[in-house]
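Q: Pasting the sequence and the predicted coordinates here, then a few questions.
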Amino acid sequence: KPDTLVTSVHGIHGEPMSEAAIALMLALARDLPRVLANQAAQRWDRFPARLLSGATAGILGVGAIAETLAPRLKMLGMNVVGVSSSPRAIPGFDRMVPREQLIEAVREFDYLILLTPYSSATRGIVNAEVFAAMKPSAYLVNLARGGVVDEPALLDALRSKRLAGAALDVFAEEPLPPDSPFWTL
């Protein structure tokens with residue numbers, strides 16, 4: 001009807017999702033699960049922490065959230081690379097690569113951050129081939145959708161230490177079943 005108001009929530013997730021990504025990256029870099037386990041066991045354990053500064057973050061899916069996240073990562077001293085189906089110059093990104101070059105691009109990433117929408121083109125896009133190309137010291141941060149990641153391949157990569165770790169906000173099956181190995185891995 002002519003008097004109907006149409007609105008959109010486009011862009012409202014930029015700040016909270018950016019903060020979630022940074023929190024997860026810091027938790028991985030500082031091995032927060034180990035810190036909490038040591039605290040619970042009342043155990044003093046020194047180990048080196050990694051810095052975000054100087055590291056390279058690759059963001060798969062360059063939309064409104066990525067446009068908010070990239071400048072924040074730059075403020076932390078990170079190199080930021082966007083992986084997009086439509087690469088374009090965006091403030092906060094050091095460079096962009098086409099999604100078709102994902103395998104080559106992940107070789108340099110210390111963090112692969114997933115923000116891509118779920119579609120037939122992105123279903124399982126982060127798979128065994130991607131994990132094999134990543135550095136063993138690299139981390140995966142999935143804030144996109146569960147179906148974007150091939151979860152059996154991720155489990156294999158984590159168990160075989162082909163990845164340093166993963167922070168997962170989403171899963172193919174939600175809520176995550178109590179018997180899922182992701183709870184303890």
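A: Done, it's in.
Q: So which residues of the protein form helices?
A: Ranges of helices in the chain, per DSSP state H, are 14-29, 32-40, 64-75, 102-106, 128-133, 151-159.
Q: my read: G147 touches S119, true?
A: No: the pair G147 and S119 does not pass the contact test of C-beta atoms under 8 Å, sitting 9.2 Å apart. Yep, even glycine has a C-beta here, placed from its N, CA and C like the rest.
Q: These two: which is more packed in?
A: G147 (17 against 12; other C-beta atoms under 10 Å).
Q: Give the full set of residues in contact with that one.
A: Y118, T122, R123, G124, A172 (C-beta atoms under 8 Å, 6 or more residues apart in numbering).
Q: Name the nearest residue to the first one, ignoring sequence neighbours.
A: Spelled out, it's Y118. R145 (3.6 Å; C-beta to C-beta, 6 or more residues apart in numbering).
Q: Return the residues in contact with the one you found.
A: Contacts of R145 by C-beta under 8 Å, 6+ apart are T116, P117, Y118, T122, V170.
Q: Let's see if you can find the most crowded of the residues you listed.
A: T116 (25 neighbours).
Q: What values do phi and psi take at that residue?
A: Main-chain torsions, T116, degrees, to the nearest 10: phi -70, psi 150.
Q: measure it to V149 for me?
A: Computed as C-beta to C-beta, to the nearest Å, the T116 to V149 distance reads 10 Å.
Q: still on that earlier bit, between the contacts of G147, which is nearest Q42?
A: Closest approach to Q42 among these (C-beta to C-beta): A172, at 37.3 Å.
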